[in-house]
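**Student:** What follows is a predicted structure for the sequence shown.
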Protein chains: 2
Amino acid sequence: MHDISEYPSIEADVIVVGAGFAGITAARELKLAGKSVALLEARDRLGGRSYSKPIGDGKVAELGCEFYGQPGTISHRAAQSLGIETAKVYDTGYRLIDDDGKISPWKGMAPKVSAATLLDFGQAALRIERMRREVPQDAPWEAPHAKQWDSETMWSWTRRNVRTRGGRNLMRLMIEAGMAAAPADVSLLHVLNYSNGTGGFRAMTQITGGTLENRFVGGSQNLAMKMAEPVLADTYLNAEVRTIKHSGDRVRISGPGFEAAGRFVVVAVPVPLAGRIEYDPPLPEHRDHVSQRLTMGAAIKYLALYDEPFWRAEGFTGHVISHASPVRATVDSCPPDGTPGVLTGFVTGPAARQVAKLPVGERRALVLRELERFFGPKAAKPYDLLEQNWMAEPYTRGCYHAYAPPGLYTTYGTFLKQPVGRIHWAGAESVPHEYGSMSGAIYSGRRVATEIVGRETGEEPATPLRPSTTALSVEEPAR
Amino acid sequence: MHDISEYPSIEADVIVVGAGFAGITAARELKLAGKSVALLEARDRLGGRSYSKPIGDGKVAELGCEFYGQPGTISHRAAQSLGIETAKVYDTGYRLIDDDGKISPWKGMAPKVSAATLLDFGQAALRIERMRREVPQDAPWEAPHAKQWDSETMWSWTRRNVRTRGGRNLMRLMIEAGMAAAPADVSLLHVLNYSNGTGGFRAMTQITGGTLENRFVGGSQNLAMKMAEPVLADTYLNAEVRTIKHSGDRVRISGPGFEAAGRFVVVAVPVPLAGRIEYDPPLPEHRDHVSQRLTMGAAIKYLALYDEPFWRAEGFTGHVISHASPVRATVDSCPPDGTPGVLTGFVTGPAARQVAKLPVGERRALVLRELERFFGPKAAKPYDLLEQNWMAEPYTRGCYHAYAPPGLYTTYGTFLKQPVGRIHWAGAESVPHEYGSMSGAIYSGRRVATEIVGRETGEEPATPLRPSTTALSVEEPAR
């Protein structure tokens, strides 16, 4: 890896902007295909939203993306091929549900709430399961009811389909903890597509059988670093890209103190941030409006470190869900050998927006108070409490991922990945497939490498700067 | 006015970024209050979204904002004080409504549609009128039902409250022609607030008694230019601001080839574009997420120029509304003496997004075909057809204004105007008051001047860089 300050002028076949999973994969695959690449990263580290902090003894605490679902997913296979071990998240004992301050332990399939709540929520969840199966994984906007489902928020759907207060609270919790956005923020169609990527709606917040089931030993960032090994000599840190000039045959990328030129550029940063780069000529309006509309979720991650995972000895999994606490969920994030004890607290959605406004002392006190309420006095005294506010990170500006508000998918969905001239788009949000996840990011990196190799070998025609259609179909509203 | 290329280094009390109505007003008011100012404009002209093209004989065609509602509104009073005349938009004769290809003339209060449609739409419009009266003009997020109304799209509200196909078509037309966004895009609360600014929901698309009633003789841009006269010597064109460095006592603004320094900066560009400037230190997350979420509307304005307004002689006002045509509305935009004949066609919302993808020849043919369908063969042969696609303008990126998707107002509404350190925000979208209009922009310019003068004289305490609250109120959902 190099510091960009020593390389004012770079030339490569393909310039890749952003060294998260998507950019790393794109650079790696392009290099393996024989292209020369330059991977530009604004930060002084690789990994993007994967960010593992050493906590001694070669162990790490995950400040960023951490979990994945079932074996067989793309990130899992990438890890396997690089000899990186994986481990199950601890899920033995009682989980807790915090229902308006009443904390109840539960085991099995359903949290301990009233039968009416369970029935109400269960029916709605089943309805969502049926709907999501009608949504094509690679083109959610082509679902039979896409227009209708993209015209309302998850909140208004919930209001019609969930009648009990308890059921609505559970539904809200699912979206806020699972997607780091409020039900009022997101398009129903987006929720359906996202649940397709997680393998089901309920899976969004589950450990066993859900998206929180597995982790990478040594940290997600370590996987990113290992994947980057073939392109480390082509990687430049502290390279903040500000402008992209593009023409029929060349791209010229520049930032403070450097210029990079090539035949193609891969932009692999979060979509809202991709919109902040200056393009010359300017992007066509449909792509510009995609970046105006996609919005990063709101999440602050807290990691409380203890000498040992005391909750395990007391019979708890460490997994809490709460619709009313600013800490919407906790998970046991201990290293595989169980030492030290690590509790992860997710402050997400509306709660994250509120908590972020507090001074740091109040934020920490608040989180510790909630952990104590869940797990007793020991929880209030971690030997360290780490905080990562992804909304404040200038090179990410939110987590877990960008969500789609109503109306985006069905008007501009296809433009999430459609190249603009010699600019190709990668990133966890550039794919409907496993949207917003590590796997989605890796998948997009491979796709974009294939796109570019295909164009270079003439397998695919070059995309015109301004896509044009021959037939006009002014949209009809859903009725 | 100067070209920035001759002024690499500028110093003033207040640097104003963007010379639309908001920035011009801010600079003007600050100068009148004794401050030194520098007004930086990225374009080679003043006026922002007001853009008047000379068409001979001292007359203009309005490529940008053109109309305002009742006398007494802020822009009208500004014009009066500068001796600029105003004129009524032509509204004599029959209007046309295009209902799925069936074109019917109408006069009076209600377009010629079925009684069932009229009743259905009328009841819904009344309901909206009642709701909007509960929305405070300066803080819509404080309405009693704000949370609920901000949690759904205009589309889902319409689906519940309008039963007939015709009624839904009219409702969709109102939003698309009146706000340049689809009902699926916008928060119900935003629609209510916007209708407060236009003086009522139905007023949004009306000439007499509505927001299309009046124009400025000589063009809206002429009003902007006249307002700018006291600060012309302080105005720098071709000054594209890329970075704003700010500290406890100074701001440093820079762009290609120039630097400007001062005690305060006023950012008076559309909110989504304000988010593309690089800030050092970075903006707090709540302000950043405001700019991630607000989205510019979709509008292409066409102006067809004829030797004379032939439609008048045939008994038509020139005003058409259509829910299905890509040309959602037309208005008679002739100069006050009626020569030449000018028909304005509004291609807005989903239609604008589709039409923008067509090659220029197809776009023009399509619009002329529609004008011919409305007004007969003469309409197909203008001596000129002007097109202004505001989505493609890199320094605007959409029109008429930025709309609020669900969830924005009630989480971040107060941050639309709250200063960040020494950065103050102006613009048609920085006020709930007369949101998105010329008046709103002027109002915001005055507000921001008052804010800064107040801080300089110690009347108001400086705003901390990171606002903090002492009490935490994690939001509760609307039920």
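**Tutor:** Looks like it came in fine.
**Student:** What is the burial count for A:T450?
**Tutor:** The number of residues packed near A:T450 is 16, by other Cβ atoms under 10 Å in any protein chain shown. For every residue, glycine as well, the C-beta is placed using N, CA and C.
**Student:** That one - nearest residue in space that isn't next to it in sequence?
**Tutor:** Leaving out its chain neighbours, the residue that sits closest to A:T450 by Cβ to Cβ, 6 or more residues apart in numbering or on different chains is A:E29, at 7.7 Å.
**Student:** Please enumerate the helices of the stretch 201-350 of chain A.
**Tutor:** Listed in chain order, the helices of the stretch 201-350 of chain A (DSSP state H, counting those that start in this stretch) span residues A:220-228, A:271-274, A:285-293, A:310-313, A:350-355.
**Student:** now the ones you listed as TSV including distance to chain B and mean neighbour count?
**Tutor:** TSV is the format used below for those (distance: least, Cβ to the nearest Cβ, whole Å; neighbours: other Cβ atoms under 10 Å in any protein chain shown):
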stretch	distance to chain B	mean neighbour count
helix A:220-228	22	24
helix A:271-274	5	26
helix A:285-293	3	25
helix A:310-313	24	18
helix A:350-355	4	24
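**Student:** coming back round to it: in which helix or strand does the residue nearest to A:T450 reside?
**Tutor:** Assigned by DSSP states H and E, A:E29 belongs to helix A:21-32.
**Student:** Now that helix: buried residues?
**Tutor:** Neighbour counts over helix A:21-32 (16 or more other Cβ atoms under 10 Å in any protein chain shown) mark A:21-31 as buried.
**Student:** circling back to that earlier point, quick one: which of the helices of the stretch 201-350 of chain A is nearest B:G440?
**Tutor:** Closest to B:G440 of the helices of the stretch 201-350 of chain A, according to Cβ to Cβ: helix A:285-293, at 19.7 Å.
**Student:** Dump the C-alpha coordinates for that closest one into CSV.
**Tutor:** Extracted as CSV, the C-alpha positions of helix A:285-293 are listed here (Å, rounded to 0.1, in the frame of the first residue of the first chain):
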residue,chain,number,x,y,z
GLU,A,285,-30.2,13.4,-14.6
HIS,A,286,-31.5,9.8,-13.8
ARG,A,287,-28.2,8.8,-12.2
ASP,A,288,-27.9,12.1,-10.4
HIS,A,289,-31.4,11.7,-8.9
VAL,A,290,-30.6,8.1,-7.8
SER,A,291,-27.8,9.6,-5.6
GLN,A,292,-30.2,12.4,-4.5
ARG,A,293,-32.7,9.9,-3.3
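**Student:** Taking helix B:285-293 as reference, get the angle to it.
**Tutor:** Put simply, helix A:285-293 runs at 150 degrees to helix B:285-293, going by axes from the mean of the first three to the mean of the last three Cα atoms, to 10 degrees.
**Student:** Distance from helix A:285-293 to the middle of the chain?
**Tutor:** 20 Å (Cα atoms, centre = their mean, to the nearest Å).
**Student:** Kindly report the same for stretch A:444-457.
**Tutor:** Taking Cα atoms, centre = their mean, the mean C-alpha location of stretch A:444-457 is offset from the chain mean by 23 Å.
**Student:** what mean pLDDT does that stretch have?
**Tutor:** With pLDDT averaged residue by residue, stretch A:444-457 scores 95.
**Student:** In that stretch, which residues are buried?
**Tutor:** When burial is assessed from 16+ other Cβ under 10 Å, stretch A:444-457 yields the following buried residues: A:444-453, A:455-456.
**Student:** cool, and stretch A:109-126?
**Tutor:** So stretch A:109-126, judged by 16+ other Cβ under 10 Å, has buried residues A:111-113, A:117-118, A:120-121, A:124-125.
**Student:** from those residues, which single one is nearest B:Q388?
**Tutor:** Closest approach to B:Q388 among the buried residues of stretch A:109-126 (Cβ to Cβ): A:A124, at 46.3 Å.
**Student:** For that closest one, give me its contacts.
**Tutor:** Contact analysis of A:A124 by Cβ atoms under 8 Å, 6 or more residues apart in numbering or on different chains lists A:158, A:161-162, A:167, A:171.
**Student:** quick revisit: residues in contact with the helix holding A:E29: which ones?
**Tutor:** With contact meaning Cβ under 8 Å, 6+ apart, helix A:21-32 is reached by A:13-14, A:16-17, A:19, A:37, A:39, A:41, A:46-48, A:50, A:75, A:224, A:227-228, A:230-231, A:234-235, A:266, A:268-269, A:426-428, A:430, A:438, A:441-442, A:444-446, A:448-450, A:452-453.
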